[in-house]
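Chemist: have a look; sequence and predicted model below, questions after that.
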Amino acid sequence: MKLKDKKVLVFGAGKSGISAARLLQKLEAYVVLYDGKKDVDTGTFKDKIDTSKNWEAYFGEFPMDKLDQIDLMIISPGIAIDHPFVEAVKEKAIPIWGEIELAYRHSKGKIIAVTGTNGKTTTTSLIGEIMNTYFKQVFVVGNIGNPYTDIALDTTEDSVTIIELSSFQLETIHEFCPDVSAILNITPDHLNRHHTMENYINLKKSIAKNQSIKNLCVLNYEDVHTRKIGNELDTRIVYFSSETKLDNGLYLDGDDIIYSKEEIKEKICNVNELQILGKHSYENVMAAVAVAIEMGIPMDLIYQAIRSFKAVEHRIEYVDTINGVSYYNDSKGTNPDASIKAVMAMKKPTILIGGGYDKGSSFDEWILSFKGKVKTLVLMGETKEKIAATAKKYNFNNIIMVEDLKEAVLVSAREAKEGDVVLLSPACASWGMFDNYEQRGRMFKKYVKELL
């Protein structure tokens, strides 16, 4: 669809929506911005968008008669596709794209796309660092925090774009087709939005729905869902595994990461050379290496990049050691499976700070992972009673309830003994207490520093 002179409705005035509106203006479309919130601060984006021409905006209520003039709607990922306004747009047979689809149709070069319940940001960041060792123009965008629409028109035939994709973003792709895709793992998450696990799995699978045999999808051999997906796709498949020695793919053999292809086995590195912790981190490395090999990166450059890579902010991020107690920020642990991985990465007795917004998750497996690791559970937020009840069901009773994160840090510091670890890994979203997990992580680090 050529967008010049088309009337395009952008639903959502957040970061994604504003970026999409900016790209649409560059494409000479007429932009209609709409946000259901009445109190949108228009001053925050007036310097980012030209509001003097081909522009109108509505906040709170949208005049429904104007839908007859709309050619296309761009929906922000934070808005569910079954939202009543979206349903009204569907009834008018207006095409609905997300920011990813809009950017894809106006970008060039090679595209690498990464999804999964956990590990997306780390893997996307690592792939970006590996690509930067070899290619001159590399963009790292998507759910990682940089809108794809911001850079779409800057891409060239020689550029490489690495995109982190959430299930929310995958809801609204149509023609999107990466050269290389990766699905790291699939565990229950966002079921309050996607309603069923089947829907959630199918959304993750859709990252590769337009790929063909000339493309590659990297999958986790040890994940029952991704292994099944591997039998259903039309693309080439490469697996990685932390448990099984593969004839073709990447696997963990003791402490060594091995690349195997057609009976030739090559050691990539020893995990003790890496600067990131835990088996899940080694899985992320293997996925990134599989992508890099497909992209033709020399093995010596891959080796250098993975050895120098450090944990991304808010993902098992070391903060400080105070009075012999180490503090780690895993605010990105927004679901039980992510937090289990953080707990398993701890090598010392752990005081765990958890709780937050209720996404409909079950906490049983999380509590069961505590054995031999967690000595005290400090709970906050909407889910604290639900988590406490689950913990007590499994006879874990060393629980402290707090009102906010600052109190959680103070209580944890009081409970911790020299040689212990205090880990923020909430297993829940941050909403209701914080704007996002980044703000939660930054506040945790601030409160830890105030203990000095």
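Modeler: Noted; the coordinates are in hand.
Chemist: which parts of the helix or strand of the chain with the lowest mean pLDDT are buried?
Modeler: The helix or strand of the chain with the lowest confidence, counting by mean pLDDT, DSSP states H and E, is helix 191-194 at a mean of 75. By neighbour count on 16 or more other C-beta atoms under 10 Å, the buried set for helix 191-194 is 191, 193-194. To be clear about C-beta, it is placed using only N, CA and C from the backbone, and glycine gets the same treatment.
Chemist: helix/strand/coil for the residue in the chain sticking out farthest from the centre?
Modeler: Most distant from the centre of the chain: Asp65, at 37.1 Å, with distances by C-alpha atoms, centre = their mean. Secondary structure, DSSP: H, G, I helix; E, B strand; the rest coil: Asp65 is helix.
Chemist: distance check, it against Lys92.
Modeler: 11 Å (C-beta to C-beta, to the nearest Å).
Chemist: so what's in contact with the two at the same time?
Modeler: Shared contacts of Asp65 and Lys92 (C-beta atoms under 8 Å, 6 or more residues apart in numbering): none.
Chemist: Ile127 reaches Ile112, doesn't it?
Modeler: Yes - the pair Ile127 / Ile112 is scored as a contact, 6.0 Å apart, by C-beta atoms under 8 Å.
Chemist: overlap of the contact sets of those two?
Modeler: By C-beta under 8 Å, 6+ apart, the residues touching both Ile127 and Ile112 are 162, 291.
Chemist: on that earlier part again, pick the one among the buried residues of helix 191-194 closest to Val291.
Modeler: Among the buried residues of helix 191-194, His194 lies closest to Val291 (C-beta to C-beta), at 26.1 Å.
Chemist: leaving out sequence neighbours, find the closest residue to that closest one.
Modeler: Nearest residue to His194 in three dimensions, chain neighbours excluded: Tyr200, at 4.5 Å (C-beta to C-beta, 6 or more residues apart in numbering).
Chemist: so what's the residue count around that neighbour?
Modeler: Neighbour count for Tyr200, taken as other C-beta atoms under 10 Å: 22.
Chemist: any idea of the pLDDT on it?
Modeler: At Tyr200, the pLDDT value in this model is 93.
Chemist: one more: Ile302?
Modeler: For Ile302, pLDDT reads 98.
Chemist: which strand or helix spans the residue lying closest to it once chain neighbours are set aside?
Modeler: Excluding its sequence neighbours, the residue lying closest to Ile302 (C-beta to C-beta, 6+ apart) is Ala292, at 5.0 Å. Assigned by DSSP states H and E, Ala292 belongs to helix 279-294.
Chemist: what sits against the residue nearest the centre of the chain?
Modeler: The chain has Lys120 as the residue nearest its centroid, 4.7 Å off, counting by C-alpha atoms, centre = their mean. Neighbouring residues of Lys120 by C-beta under 8 Å, 6+ apart: 114, 143-144, 164-166, 184.
Chemist: show me which of those residues is closest to Thr321.
Modeler: Ile144 (28.6 Å).
Chemist: my guess is the closest one contacts Thr121. True?
Modeler: Yes - with contacts counted by C-beta under 8 Å, Ile144 reaches Thr121, the gap being 5.5 Å.
Chemist: what mean pLDDT does stretch 4-24 get?
Modeler: 95.
Chemist: ok, stretch 90-99 next?
Modeler: Mean predicted lDDT for stretch 90-99 stands at 96.
Chemist: please enumerate residues in contact with it?
Modeler: 1, 9, 16-17, 19-20, 67-68, 70-77, 81, 86, 89, 147-149, 169, 171-174.
Chemist: inside strands: which ones of those?
Modeler: In strands, defined here by DSSP state E, the members of the contacts of stretch 90-99 are 9, 72-75.
Chemist: would you map the helices across the stretch 301-450 of the chain?
Modeler: Ranges of helices in the stretch 301-450 of the chain, per DSSP state H, counting those that start in this stretch, are 336-345, 364-368, 384-393, 405-415, 437-449.
Chemist: can you give the distance of the first one from its chain's centre?
Modeler: It stands for helix 336-345. Mean C-alpha position of helix 336-345 versus that of the full chain (C-alpha atoms, centre = their mean, to the nearest Å) differs by 15 Å.
Chemist: name the residues of it that come out as buried.
Modeler: 336-343, 345.
Chemist: now swap in the longest one and tell me
Modeler: Neighbour-count burial for helix 437-449, with 16+ other C-beta under 10 Å as criterion, is recorded at 437, 440-445, 447-448.
Chemist: element containing Val113?
Modeler: Check again: residue 113 is Ala, not Val. Secondary structure (DSSP H and E) places Ala113 in strand 110-115.
Chemist: please state the offset of that strand from the chain centre?
Modeler: That offset, for strand 110-115, works out to 13 Å (C-alpha atoms, centre = their mean).
Chemist: hang on, isn't the residue nearest to His194 packed against Thr187?
Modeler: No - Tyr200 lies out of contact with Thr187 (C-beta under 8 Å); the separation is 9.3 Å.
Chemist: from Ala113, how far out is the residue lying closest to Gln211 once chain neighbours are set aside?
Modeler: Among residues not flanking Gln211 along the chain, Thr235 sits closest, at 3.9 Å (C-beta to C-beta, 6+ apart). Distance of Thr235 to Ala113, computed by C-beta to C-beta: 12 Å.
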